[in-house]
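S.K.: what follows is a predicted protein model with its sequence.
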Amino acid sequence: MRRNVKFKFKFIGILALLVLFQSAGFAKEYKSKTISKTLDAKPNVFVLHKYGPLQVEASNDGKVHFEATLTFDANSEADANEVFKHFDISVGEAGNEIVLETEFDVRSWNQSFGSISIRFKDGQKVKNISKLKINMVVKVPKIEYLKLKNKYDKIKVLNSLDHDLEVELYEGQLNTKNVNGKLNLSLKYSQAELGNFNQAKIELYECTLSLGNGKQANINSKYSRWTLGSTHSLVVDAYEGRGEAGIIKGHLEMNSKYYRFTASEFETANVSMYEGCFTAQKGKSIKGQNKYGCINIDHIGDIDLESAYETDVTATSIGNLTVQNGKYSNFKTDKLDGGIKANTYEGFIKVGMVGEGFSGIDFESKYTNLEVGIPSSVKYRLDGDMQYTDIDYPEDRFDTRTYIEKNSKITISGKIKGASDNSPLIKLKAYEGNINLD
């Protein structure tokens, strides 16, 4: 019974507090202060903002305009005046630069249930204000370089830019149109959507990014996801996340860990991947190394891997496959148009069928299975030195053949009917595995 009484008193107390908070909220009044100015344009403009959204528009009169509006709700004129006293826009003009900086010298900011308490750097305090933000609108004509910086809110550029753009954003949202100059982004805990670009240098940390088409892009990404349209060249340094590109008309350079990358097409690629996956529809050539990952390409001209460790490589068609050091890795393609040069340890290589452009196989392995479908129209030579290995090949189609089996060793050399001394050579040096050339 006593517990019920205590509970009732607590409940009534909480209701009373809520009523007090609510009545205090109704007593608040909307307050605002606006600072604006017009400046002669200079080649470089820096806008360093905080505590609210930043919007950039085109200026039609060749001048730089800005308007910053501080808004909030306060209980008293004294609190409002204290807040106004600490708000200003610093305007710096020197040489070829204009620097606009939002000044709101907060030492500490505490917010609970919509109520804000602020201690300023000079020691002054205000309590129980709410809905505080500073809206900044800047109008910029055609210049050479624009830098924008913000925290905890938006940056929005309404018009396409014909000059360079640099953006620093912390925990906010970025929206821009096309950037025809150089683009430099440094984003943390943010979301961004941009149009087309010329050259881009991008740093991401726990972000999502969507970019249009461009000429060159350099992306440093951690714990982030991004998409990119078509580009002439792309450099990626990534840790844990996902990246996606359209057509890469030139070269791709990628170094990644715990990363998944997808492209529609690429011309050439050099990749170093650790525990990641590379996927594409089409490419001319790819080089590099992969550990604990996968490479999936529908149609690829040449694959040349310096090392592959616990890696799965699959393709619909491959021109040439080169594996300098493969361990615990598997390679599979429906069609091989060129040749294979592989040094492997424990895994398999499987080719559905070789094409008329088949150029031969140089296979040195331990504990690796090799399966290659070779049509009767393809003429080749065979030279094998194997131990503890089972081999199937079309013996009846060989014109000349030497076959020596002694203990666990097998030596084979010969030519299929119709082959010449210049026909493709299949050279096998294998230890413990299965080889099928039927």
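M.R.: Thanks, I have the structure now.
S.K.: how many neighbouring residues does the residue nearest to Ile286 when sequence neighbours are not counted have?
M.R.: Distance criterion C-beta to C-beta, 6 or more residues apart in numbering; nearest residue to Ile286, sequence neighbours excluded, is Ala269 at 4.4 Å. Just so you know, the C-beta spots here come from the backbone N, C-alpha and C atoms, and that holds for glycine as well. Number of residues near Ala269 (other C-beta atoms under 10 Å) recorded here: 25.
S.K.: helices and strands around the helix or strand hosting Ala269, which ones?
M.R.: Using DSSP states H and E, Ala269 falls within strand 231-274. Under the contact criterion of 3 or more C-beta pairs under 8 Å, 6 or more residues apart in numbering; DSSP states H and E, strand 231-274 touches strand 214-228, strand 277-291.
S.K.: turn the ones you listed into CSV, including mean neighbour count.
M.R.: Shown next, in CSV, are those (neighbours: other C-beta atoms under 10 Å):
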stretch, mean neighbour count
strand 214-228, 20
strand 277-291, 19
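S.K.: may I see those arranged in TSV, with distance to Asp362 as well?
M.R.: Shown next, in TSV, are those (distance: least, C-beta to C-beta, whole Å):
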stretch	distance to Asp362
strand 214-228	37
strand 277-291	18
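S.K.: redo the ones you listed as JSON lines? Include distance to Lys188 and mean pLDDT.
M.R.: Formatted as JSON lines, the entries for the helices and strands packed on strand 231-274 read as follows, by distance: least, C-beta to C-beta, whole Å; pLDDT from 0 to 100:
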{"stretch": "strand 214-228", "distance to Lys188": "10", "mean pLDDT": "98"}
{"stretch": "strand 277-291", "distance to Lys188": "26", "mean pLDDT": "98"}
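S.K.: wait, which of these is closest to His86?
M.R.: strand 214-228 (35.3 Å; C-beta to C-beta).
S.K.: what does that closest one contact?
M.R.: 183, 196-211, 229-246 (C-beta atoms under 8 Å, 6 or more residues apart in numbering).
S.K.: name the nearest residue to Ala342, ignoring sequence neighbours.
M.R.: Once flanking residues are discounted, Ala342 sits nearest to Val323: 4.2 Å by C-beta to C-beta, 6+ apart.
S.K.: what mean pLDDT does the one helix or strand that neighbour maps to get?
M.R.: Following DSSP H and E, one finds Val323 within strand 312-336. Strand 312-336 comes out with an average pLDDT of 98.
S.K.: tell me what angle that strand forms with strand 277-291.
M.R.: Between strand 312-336 and strand 277-291, the angle formed by their directions is 110 degrees, by axes from the mean of the first three to the mean of the last three C-alpha atoms, to 10 degrees.
S.K.: ok, the helix or strand just after strand 312-336: who's next to it in the sheet?
M.R.: Downstream of strand 312-336, the next assigned helix or strand under DSSP H and E is strand 339-354. Strands adjacent to strand 339-354 in the sheet, as given by DSSP bridges, are strand 312-336 (parallel), strand 360-372 (parallel).
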